[in-house]
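> Turn this into a structure:
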Amino acid sequence: MKRASAALAAPLLFWPMTGSVAAAPEAIATVEIVGVAPGAGPGVDRRTLPYAVQSADGDEVAASGSGTLAEFMARTLVGVQTNDISGSPFQTDLTYRGYRASPVLGTSQGISVYLDGVRINEPFGDVVNWDMVPEAAIGKLALVPGSNPLYGLNTLGGALALEGKSGTSDPGLVLDASLAQNGRRRIDLARGALHGGGWHSFIASTWFAEQGWRAHSDGQLGNLYAKVGRDSAAMDWSVTLNGGRSRLRGNGLLPDATAASDWRSAYTFPDQTRNQLVQLAARTTLRIDDGRTLSAQAYVRSSRRETVNGDVELDEEGIGGQFNTTSTRQHGQGASVQLALRNARHQIDLGATLDRSSVAFAQFGQDGILTPEREVVPLAGAEQEPASSVSGSAQALSVYAADTWTLAPSIHLTASARLNRARVGNRLTTPAGAQPAERFTYVRLNPALGLAHALGGGWTVSATAAQGNRVPTVIELGCADPTQPCRLPVGLQSDPYLRQVVARTLEAGARFERPGLHLSLAAYRTVNRDDILFLSSGLSRQGYFANVERTRHQGIDASLRLVRGSWTMRAGYSWLDAAYAADGVLFTGMRTVSIRRGTALPGLPRQSLKLGLEWQPAPAWRLGADLDAHSSLPTQGNEDGLAADPVAGQAPATADLRVGGRVLLHLRASWEMAPHWELYARIDNVTERRYASFGALGRDVFAAGGAPQDARFIAPGAPRALAAGLRYRY
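This next block holds a predicted model:
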């Protein structure tokens, strides 16, 4: 994505309070160019698209006072929420319109994420490792709604496209150092430069470390992003290196009783994840003439993940521990090419992509002992036994075409289609031995059609229909046999065929844009056919992945942004109805749940309200406040309103175990104390509100009285925290 102006005018953008009032949008006509596909290309005028793209740039992210990129999106982008299931700020479970981009293996992913045109959903499970995103190098982001086929596989509810900075777009030096409570330290460094002859270079790095606000939740990470290239009248090219390493510890969920007595505690530990990444990408754009542009890119990518989990075990001998570890190796390569044709009436894009990947995963278990502090340590002399492993490969080939056709100066018709062909193969090894090799092929043609009509006076109405798909992941294919169930989430077995998920979106909206005032309203409905869910096998704590008829996500997004003198105000509201649209019996890890059409999906608030206010009393000062309000969340395992599996001959134990809603207030301020130097501070959760962002039923083996009890487990929210930093720009 690139812009013809530095100002933003995305109608669904929840603007962070940034910039000088002297540069207010009243005086600047804005034309924002948005890429219609993840790869390089000239893009199209955002105003001609039949859907609203939320966008922001790196300066807005930095000035918002958010601690991480995911936090910025959750506070400022309509329809975006986070569930802090792991407890680490860089292991966030992010949702958009109820679809997830999560680092949790086994989670159903529905958002495709790209960095510089390279898809960064990992091959094994389509997970997104937010700790491997080079936040100091992000120059622009665009959140595209719906099942847009041009963004490829896994684009069921939306796509997030991140674009890295370069020496051309961001010359100069930026140094940002901050300290926060709970031992949090962070340093971001970025340096962009323009050289003679069109050469440019950029390098950025982030170092982060914290003790964590919960017990045993310390973590650290470091990443590096480097880009070098050359621009000329006829051709641009660049080569980018992205790498990172992290060691993060999360605590997971707490039972209500434990959380009430010690909000910062851990149920058991350790719970550690180590990630490593190296990615090399090359991109080139050739301007054939005024109406034709040819773009191409290629990449290689390699990542590693190691996890250690201390889990509690209950058997005939009492409470014990299990020391579980996993190891994942992933390698990928890919290339794409795009031809853009432009004239007075048509903006045509033709392209093709090829992606290949290989995966090796292994899980091990070891008997452990549970210390009085609830730490699980390996039992002396106990052997590390392999639980399951898989090696596999995947290949995805696609071709696509799109045309934005100007039927009249105020009417634009957009038509597109993408043909995906994916081939997935794997070989599983279980305690029973090696299983036969398997290979499945999936083919799907996904179309989209939309219309945008500028009515005059600043109003534009639009409507679109689109289809996207995702193919089953190895983790789902590895546990799809009801006769050989597995334990959630990574016990793998031989499996039968699973159908691909197909999502169809209908969306209509209206937006109003005038200097200093932006309004937007969108109504949408997305239906997943053959969605993949974890069903009950009828055996204790075991289940299997299977296709179900459908799930449904529908809702309304609305936003307002108003600039008046030294004041900037924003407001956003989301109403989400995410539900199962078929009958079935799920397995949630604790109990079986009978669902009916209309049963709400867990962990998603039905209503969300986001407010922001900024005041700039003097050129050097900015004061701001942000408020996030969310309604209650259905608890996983309580979707049917029951607290336990029904017992024959007894009345079912009904209970409303929803997680309560929350209202959080955050304050921030910045002061340009000297040219190029800025001092800033923020206070998160000013009122010290105790809240939870997720809930699930589980068995509390440490319950009062000494007898294990069924209980609700929650993901505790972070308490009040003060952070301060110093930023230097030159």
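> OK, contacts around the residue nearest the centre of the chain?
The C-alpha lying nearest the average C-alpha coordinate of the chain belongs to A101 (CA atoms, centre = their mean; 3.3 Å). Counting by CB atoms under 8 Å, 6 or more residues apart in numbering, A101 makes contact with L94, T95, Q109, G110, I111, V113, N121, V128, L160. (Each C-beta comes from the backbone N, C-alpha and C, glycine too.)
> contacting residues around the residue lying closest to it once chain neighbours are set aside?
Excluding the flanking residues, the one nearest A101 by CB to CB, 6 or more residues apart in numbering is I111, at 4.1 Å. Applying CB under 8 Å, 6+ apart to I111 gives the contacts 94, 96, 99-101, 128, 154-160.
> redo that, cut-off 6 Å
Contacts for I111 were tallied using CB atoms under 6 Å, 6 or more residues apart in numbering; they are Y96, Y99, A101, G157, G158.
> Counting by contacts, list what the helix ranked longest in the chain packs against.
The longest helix of the chain (DSSP state H) is helix 69-76. Applying 3 or more CB pairs under 6 Å, 6 or more residues apart in numbering; DSSP states H and E, one finds that helix 69-76 makes contact with strand 80-83.
> And the strand it packs on, what's buried?
V80, Q81, T82, N83 (16 or more other CB atoms under 10 Å).
> quick one: the last one and S693 touch, right?
Yes: taking contacts as CB atoms under 6 Å, N83 lies within contact range of S693: 4.9 Å.
> quick one: V377 is in a strand?
Yes: V377: assigned to a strand according to DSSP: H, G, I helix; E, B strand; the rest coil.
> What's the local residue count around the closest residue to P617 other than its chain neighbours?
Spatial nearest neighbour of P617, excluding adjacent residues (CB to CB, 6+ apart): S566 at 6.5 Å. The tally of other residues near S566 (other CB atoms under 10 Å) stands at 15.
> didn't S566 look like it was pressed against Q616?
Yes: assessed by CB under 6 Å, S566 is found in contact with Q616 at 4.7 Å.
> What residues does G365 make contact with?
G365 touches N324, E385, A387, counting by CB under 6 Å, 6+ apart.
> Out of those, list just those in strands.
N324, E385, A387 (DSSP state E).
> among these, who's most crowded?
A387 (21 neighbours).
> tell me the pLDDT at the residue lying closest to that residue once chain neighbours are set aside?
Excluding the flanking residues, the one nearest A387 by CB to CB, 6+ apart is Q363, at 4.4 Å. At Q363, the pLDDT value in this model is 85.
> Can you spell out which residues form a bridge with the spatially closest residue to L77 that is not a sequence neighbour?
Nearest non-adjacent residue to L77, counting by CB to CB, 6+ apart: Q54, 5.1 Å away. With DSSP bridges as the criterion, Q54 is bridged to L143.
> measure Q54 to R699 for me?
41 Å (CB to CB, to the nearest Å).
> Any chance of the contacts of A101 in TSV with secondary structure and distance to S358 as columns?
Output for the contacts of A101, formatted as TSV (DSSP: H, G, I helix; E, B strand; the rest coil; distance: CB to CB, whole Å):
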residue	secondary structure	distance to S358
L94	strand	27
T95	strand	29
Q109	coil	19
G110	coil	24
I111	strand	24
V113	strand	20
N121	coil	15
V128	coil	19
L160	strand	25
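> So which of those wins on neighbours?
G110 (29 neighbours).
> Any chance of the backbone angles for that residue?
phi -140, psi 10 (degrees, to the nearest 10).
> Confirm for me that it is in contact with G158.
No: applying CB under 6 Å, one finds G110 not in contact with G158, separated by 7.9 Å.
> In a helix, A259, correct?
Yes: secondary structure assignment places A259 in a helix (three-state DSSP).
> Tell me who's in contact with it.
I714, P716.
> what pLDDT does it get?
92.
> cool, A653 as well?
Value for A653, per-residue pLDDT: 80.
> if I look at it, how far off is P646?
Look at A653 and P646: by CB to CB, they are 8 Å apart.
> Tell me where the stretch 1-150 of the chain has helices.
Secondary structure of the stretch 1-150 of the chain, counting by DSSP state H, counting those that start in this stretch: helices at 58-63, 69-76.
> again, but for the chain
Going by DSSP H, the chain shows helices at 58-63, 69-76, 256-261, 474-477.
> Next, the buried residues of stretch 567-587.
The neighbour-count check on stretch 567-587 (16+ other CB under 10 Å) flags 568-582, 584, 586-587 as buried.
> Now that stretch: average pLDDT?
Per-residue scores along stretch 567-587 average to 90.
> Just confirm G39 contacts R119, I think it does.
No: judged on CB under 6 Å, G39 makes no contact with R119 at a distance of 10.5 Å.
> neighbours of the nearest residue to Q220 once chain neighbours are set aside, just the number please.
Distances taken as CB to CB, 6+ apart put A209 closest to Q220, at 4.1 Å, once the chain neighbours are dropped. With neighbours defined by other CB under 10 Å, the count for A209 comes to 15.
> Report the beta-bridge partners for A209.
R185, Q220.
> That one and P145, how far apart?
36 Å.
> before we move on, what about A655?
36 Å.
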